[in-house]
Each structure stands twice: as C-alpha cells, then as structure tokens.
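S.K.: I would like to see how this sequence folds:
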Amino acid sequence: MRLDLHIHTTASDGAWPPERVVEAAYRGGLDVIAIADHDTTAAYAAARAHGEDLDVQIVPAIEVSSTHQNREIHVLGYFVDLESMDLRAYTARAADRRRRRMQEMLRLLGESGIEVSLRDVEEAAGPDRVNIGRPHLARVLVQRGHASSVHHAFATLIGDQHAAFVPTGLLSPVEAVDLVEAAGGIAIWAHPPGDLVDALLPVLLDRGLRGLEVYRPSSSRHDVLRLEDICRSRNLLVSGGSDWHSPESGTELGDFHVTADEVEALLEEGGL
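M.R.: All right, here's what the predicted structure looks like:
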C-alpha cells in the first residue's frame with residue numbers, strides 16, 4: 001500500500017482542485033491520501049466522492065496553523081470529525097483572519113515599493129479557494145517580476161522572518177493540538193523544525209500531541225533518523241507525506257510515498 005498523508009488543494013494554497021488531485025494520486029499509484037489543506041476541510045467531500053470512483057481512500061485531515069515566537073508551527077489533524085462545531089467555528093475564523101493577514105502583508109510590501117492588490121492575490125488563488133495564503137501571493141510576485149520563483153519569493157520577501165512576513169496569529173501550538181483533539185482527531189506535528197523540537201515537544205505532548213511527521217521528500221537522512229529515534233523513545237505515532245502543492249515543484253503525486261508499515265500505528269488509530 002502506497003500512501004501520501006499530506007497534500008493540498010485549491011481550497012487552501014494548492015494548485016489543483018480536489019478531483020484533479022485525486023486523479024493524479026490514482027495515476028501516481030497512491031492507494032491512500034490525506035487532503036490536509038491549511039485551516040479548512042472544504043475539499044474533503046469532493047475528494048472522497050472522486051476517490052470512491054477511482055478506489056483511492058481519502059483520510060479526513062486538516063493542517064492547523066499556529067504561531068510560536070513569531071514562527072509558523074503547523075499541526076496536522078488526522079481522522080477529524082468534519083461535523084465538529086469547534087472545527088467549523090475555527091475554519092470560519094481562519095478564513096477571515098487569513099484575509100486580514102494578507103492585507104497587512106500587502107501593506108508591508110507596498111512600503112518597500114512593491115504594489116500588489118488583494119484582488120491580484122485572490123485571482124491567483126482562483127475561484128475554488130476558501131483560504132488565501134502566501135503561495136498565492138508568491139505567484140503574483142513572480143508574475144510581476146519581483147521574484148524569480150515561488151521559492152525565491154519566500155526566501156527574500158515573505159518567508160518567516162522576512163520583511164513582509166506576518167504570522168497567521170490564529171492559535172498557539174498548544175491551542176492547535178487542543179482543536180484537533182476537540183474535533184476527535186489525531187494531532188501530529190507537521191514538518192517539525194529541528195531547532196524547536198527539544199524545547200516545544202514536551203509542552204505539546206502534555207496537551208495531547210500524538211506524533212510527528214517524520215517522512216518528507218525534503219528531509220535529510222539525518223533529520224529522518226533523529227525524528228524516528230524520538231518517536232521510538234517516546235512511543236509516538238509516525239506520519240509522512242509530500243506536502244504537495246503544485247507541479248511547479250517539479251514533482252508529481254506518487255513520486256514520494258510512505259508505506260503502510262511505516263505509518264501502521266497511525267492507520268490503526270484511525271481505524272484503517
């Protein structure tokens with residue numbers, strides 16, 4: 001069984017709508033995928049319906065944004081209850097906050113002589129969007145010649161700690177874990193920054209964090225081994241996924257996958 005437990009769609013900052021994502025996953029030989037859009041589960045219903053047609057199983061998931069020391073920390077919620085009132089209230093707040101955050105980032109860019117309108121960003125996000133995010137802004141910056149690529153836009157203008165960066169300011173990491181638990185889900189720390197793991201992990205575990213996203217295509221062997229060791233020593237669940245957003249990255253869905261053996265305990269917890 002081949003799985004990718006971290007994929008985005010146009011509901012947040014991915015390039016493709018859920019139906020096309022599921023089709024690409026099917027062509028790439030994936031059996032199970034998690035649509036883990038930022039702060040929304042809006043793509044799940046369409047993905048699940050299309051997945052039933054193609055025999056691709058869709059895990060209900062969300063990637064919850066939080067801020068710690070002016071840095072973005074993301075918590076994956078797997079097997080969440082999509083009818084949870086806590087989750088529904090949060091996703092509604094998140095859409096409004098992300099819009100206001102984008103307006104502030106555009107103001108900061110304007111102060112440095114880079115003029116981009118909110119309408120420009122919304123058009124880049126497309127009609128299927130629920131939330132707007134930095135990748136949408138990055139695409140506009142590339143189109144206008146202010147950056148050579150999406151990666152370059154993050155590296156020079158809108159990435160964490162750069163001039164026009166504004167935190168989402170939605171939740172703290174502890175509150176993100178609480179939200180996933182309230183929605184009946186399994187909280188996994190997404191792409192945990194190596195320099196924060198030792199200090200922040202005990203705090204999150206005390207609040208109910210269940211595991212770490214260990215396997216990612218961009219992770220070094222050293223990082224994977226370190227996270228595997230942490231999970232073994234603390235009896236934590238293990239997850240993995242491509243964090244796929246767009247074919248602009250040069251990769252197709254299915255180029256990266258994890259096996260059922262690697263994430264067996266997580267699947268069992270979720271009832272798969």
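
S.K.: quick one: neighbours of the closest residue to Glu63 other than its chain neighbours, just the number.
M.R.: Counting by C-beta to C-beta, 6 or more residues apart in numbering, Glu63 lies nearest to Ala36, which is 4.5 Å off, once chain neighbours are set aside. C-beta coordinates here come from the backbone N, C-alpha and C atoms, glycine included. Here the number of neighbours of Ala36 (other C-beta atoms under 10 Å) works out to 31.

S.K.: Phe165 contacts Arg101, correct?
M.R.: No. Phe165 is beyond contact range of Arg101, at 10.0 Å (criterion: C-beta atoms under 8 Å).

S.K.: tell me the secondary structure for the residue most central in space within the chain?
M.R.: The centre of the chain sits closest to Glu63, judged by C-alpha atoms, centre = their mean, with a distance of 4.5 Å. At Glu63 the chain is in strand, as set by DSSP: H, G, I helix; E, B strand; the rest coil.

S.K.: thought it was touching His74?
M.R.: Yes. Counting by C-beta under 8 Å, Glu63 does reach His74; the two are 5.2 Å apart.

S.K.: find residues that contact each of those two.
M.R.: Each of His38, Ala190 lies in contact with both Glu63 and His74 under the rule C-beta atoms under 8 Å, 6 or more residues apart in numbering.

S.K.: which SS state does Tyr130 fall under?
M.R.: Careful, residue 130 is Val; it's not Tyr. Applying three-state DSSP: Val130 is coil.

S.K.: could you measure it against His8, distance?
M.R.: For Val130, the distance to His8 (C-beta to C-beta, to the nearest Å) stands at 12 Å.

S.K.: of these two, who's got more company?
M.R.: Shown here are Val130 and His8; by other C-beta under 10 Å, His8 has more neighbours (24 against 21).

S.K.: check which helix or strand Ala24 maps to.
M.R.: Using DSSP states H and E, the element containing Ala24 is helix 18-27.

S.K.: follow-up on the earlier one: intersection of neighbour lists for Val130 and His8?
M.R.: Asp37.

S.K.: show me where the protein has strands.
M.R.: 2-7, 32-35, 57-68, 71-78, 186-189, 211-215, 237-240, 258-259 (DSSP state E).

S.K.: can you tell which of the ones you listed is closest to Thr251?
M.R.: strand 2-7 (10.9 Å; C-beta to C-beta).

S.K.: tell me how far the closest one lies from the chain's centre.
M.R.: Distance of strand 2-7 from its chain centroid, counting by C-alpha atoms, centre = their mean, to the nearest Å, is 12 Å.

S.K.: what sits up against that strand?
M.R.: In contact with strand 2-7 (C-beta under 8 Å, 6+ apart) are residues 14, 21, 25, 29-36, 59, 61, 63, 76, 78, 190, 213, 216, 239-244, 253-254, 256-260, 263, 266.

S.K.: among the residues you listed, the buried ones, what's the PyMOL command?
M.R.: The buried residues among these can be selected in PyMOL (16 or more other C-beta atoms under 10 Å) with this line:
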select buried, resi 14+21+25+30+32+33+34+35+36+59+61+63+76+78+190+213+216+239+240+241+242+243+244+253+254+256+257+258+263+266
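
S.K.: show the residue spans covered by the helices in this protein.
M.R.: Using DSSP state H, the helices of the chain run over 18-27, 44-54, 85-111, 118-125, 134-143, 150-153, 173-182, 197-207, 221-234, 264-270.

S.K.: quick one on the thing from earlier: so can I have TSV of the strands of the chain showing mean pLDDT?
M.R.: Converted to TSV, the strands of the chain look like this (pLDDT from 0 to 100):
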stretch	mean pLDDT
strand 2-7	98
strand 32-35	98
strand 57-68	96
strand 71-78	96
strand 186-189	98
strand 211-215	98
strand 237-240	98
strand 258-259	98
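
S.K.: nearest to Val203, of these?
M.R.: Among the strands of the chain, strand 57-68 comes nearest to Val203, with 9.6 Å by C-beta to C-beta.

S.K.: does Ala138 touch Ile158 like I think?
M.R.: Yes. Counting by C-beta under 8 Å, Ala138 touches Ile158, with 6.4 Å between them.
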